[in-house]
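In: Pasting the sequence and the predicted model now:
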Amino acid sequence: MKYYLSSYRIGNKAAQLKRMIPKGKTIGFVPNAFDYVEPQVWKERNAIVMKELSDLGIKVEMLDLRKYFGKSKALKRKLDRLGGIWVRGGNTFVLRQAMKLSGLDTILKGIERKDFVYGGYSAGCCILGPTLKCLSIVDDPTITPYRVKKVLWDGLGLIDFAVMPHYKSDHPESKDVDKEVAYCKKNRIPFKTLRDGEVLIIK
């Protein structure tokens, strides 16, 4: 699996993102880090993100994990047909809950295709690290739009460091990101910072 990790939205390597996606394949847009907002806002903001991808010439379709809660086998069959996923920002803990309930967390760990692309920004990157404990300063871990009541503190562990997006950027969360970086240093959690516009590609 290949990774395209952006601090905010598509970032400054859009052409590389397009080249990374297998020819003729569609990517699934995962909107669920934003499930805590009002439905109309959810619809409008997610439409904007999907349009950004389609404007690049990338074929994209909605992949709402809520439709797959308790249906992980169906979700795996869906992912087998896709060239990758694009996971939007929002609340990392909400996204973690959605991944757990749909089984996406386990499915991603089992993907062996080298051409499958995991792309995303902000929370979509933060979810990949080994722990979410360093992210609770920016994201409220108690927000629970689903039936899950227990906070899930473990990340997916697909990469061995925490991603700190919006670092030293013109973003309302940037000052709190500094506090998260300090937490990582104090607790010896490996991390990488990304400024808005920056992208980390892992192949």
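Out: On my side now, so go ahead.

In: biggest helix in the protein by residues?
Out: helix 39-55 (DSSP state H).

In: Any chance you could list what contacts the next helix or strand after that one?
Out: Once the chain leaves helix 39-55, the next helix or strand it forms, by DSSP states H and E, is strand 60-62. Outside strand 60-62, the residues that touch it by C-beta atoms under 8 Å, 6 or more residues apart in numbering are 26, 27, 28, 29, 31, 46, 50, 53, 54, 86. Yep, even glycine has a C-beta here, placed from its N, CA and C like the rest.

In: Count the neighbours of the fifth one for me.
Out: Same thing as residue 31. Neighbour count of residue 31, defined by other C-beta atoms under 10 Å: 25.

In: Please determine how far it is located from residue 91.
Out: 12 Å (C-beta to C-beta, to the nearest Å).

In: what does the third one give?
Out: Shown here: residue 28 relative to residue 91, a distance of 20 Å by C-beta to C-beta.

In: higher neighbour count, these two?
Out: Neighbour totals were compared for residue 28 and residue 91, and residue 91 leads with 24 against 21 (other C-beta under 10 Å).

In: shouldn't that one be in contact with residue 97?
Out: No - taking contacts as C-beta atoms under 8 Å, residue 91 lies outside contact range of residue 97: 9.2 Å.

In: Which secondary structure elements does the longest helix of the chain sit against?
Out: strand 27-30, strand 60-62 (3 or more C-beta pairs under 8 Å, 6 or more residues apart in numbering; DSSP states H and E).

In: Where do the strands of the chain begin and end?
Out: 2-6, 27-30, 60-62, 84-87, 117-121, 162-164, 191-193, 199-202 (DSSP state E).

In: The first one packs against which elements?
Out: Counting by 3+ C-beta pairs under 8 Å, 6+ apart, the packing neighbours recorded for strand 2-6 are helix 14-20, strand 117-121, helix 123-126, strand 199-202.

In: now the fifth one
Out: Using 3+ C-beta pairs under 8 Å, 6+ apart as the contact criterion, the elements in contact with strand 117-121 are strand 2-6, helix 14-20, strand 27-30, strand 84-87.

In: ok, now with 6 Å
Out: Counting contacts by 3 or more C-beta pairs under 6 Å, 6 or more residues apart in numbering; DSSP states H and E, strand 117-121 is packed against strand 2-6, strand 84-87.
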